[in-house]
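S.K.: Starting from these lines, generate the structure:
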Amino acid sequence: MMPLCLLQASPADQLSSITSQFFDYVKLLLILVAILVMAYLSVRYFLPRIFGLQQAAGAGPIQVVARFVMEPRKTLYIVKIGEDTYLMGTSDTEIYYFTSLDAKALEPFLRQHPTPPPPGMDFARLLRRTPKE
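M.R.: Numbering: from 1, shown residues only. The predicted model follows:
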């Protein structure tokens, strides 16, 4: 049998155990901060590039002028591409081209019935208004 005095930890061993636990805690906090920074960067910079969300509504040659939901997965769109205007439809799996529309005849109707921006744009505006730290 070993003497009892050899089984007790020395003060130096106890101190190294405490500092070891402290450093483990600090490492855990640093890893958590790194994960939060990576999450912020991915939401702020990488996801908009992947999903094409950086282009503002109405920017570029293609604009969705009006949208009408017929059923949960069937929608009609009036799309303006350059100077031409088209009526298009979508379903779960396909996009349909119906006809070309006269843009001049359509303008008074569109002024009377403005289309609200898509919900994604409202949320993006809301995110831009939040205070940045």
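S.K.: which strands and helices sit next to the lengthiest strand in the chain?
M.R.: Using DSSP state E to define each element, the chain has its longest strand at strand 62-71. Where contact means 3 or more CB pairs under 8 Å, 6 or more residues apart in numbering; DSSP states H and E, strand 62-71 is packed against strand 74-81, helix 103-112. Bear in mind the C-beta positions are built from the backbone N, C-alpha and C, glycine included.
S.K.: tell me the angle it makes with helix 103-112.
M.R.: Strand 62-71 and helix 103-112 are oriented at 60 degrees to each other (axes from the mean of the first three to the mean of the last three CA atoms, to 10 degrees).
S.K.: then strand 62-71 to CSV, C-alphas only?
M.R.: The C-alpha trace of strand 62-71 is given here as CSV (Å, rounded to 0.1, in the frame of the first residue of the first chain):
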residue,chain,number,x,y,z
ILE,A,62,-36.0,42.9,-65.9
GLN,A,63,-38.7,44.1,-63.6
VAL,A,64,-41.8,42.4,-62.1
VAL,A,65,-44.4,45.1,-62.6
ALA,A,66,-47.4,43.2,-61.1
ARG,A,67,-48.1,39.9,-59.4
PHE,A,68,-51.4,38.0,-58.9
VAL,A,69,-51.6,34.8,-56.9
MET,A,70,-54.3,32.6,-58.4
GLU,A,71,-53.7,29.5,-56.2
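S.K.: Can we start the residue count at 7 from this point?
M.R.: Understood, numbering begins at 7; the last thing we discussed is strand 68-77.
S.K.: Just the buried residues of that strand, please?
M.R.: Residues Val71, Ala72 are the ones in strand 68-77 that count as buried (16 or more other CB atoms under 10 Å).
S.K.: in its sheet, what does it sit against?
M.R.: Looking at strand 68-77 with DSSP bridges, its partner strands are strand 80-87 (antiparallel).
S.K.: The partner strand - what's its average pLDDT?
M.R.: Across strand 80-87, the average pLDDT comes to 89.
S.K.: buried stuff in it?
M.R.: Using 16+ other CB under 10 Å as the test for burial, strand 80-87 gives Tyr83, Ile84, Val85, Lys86.
S.K.: about what we covered before: how about the helices and strands packed on strand 68-77, which one is nearest Pro54?
M.R.: strand 80-87 (22.6 Å; CB to CB).
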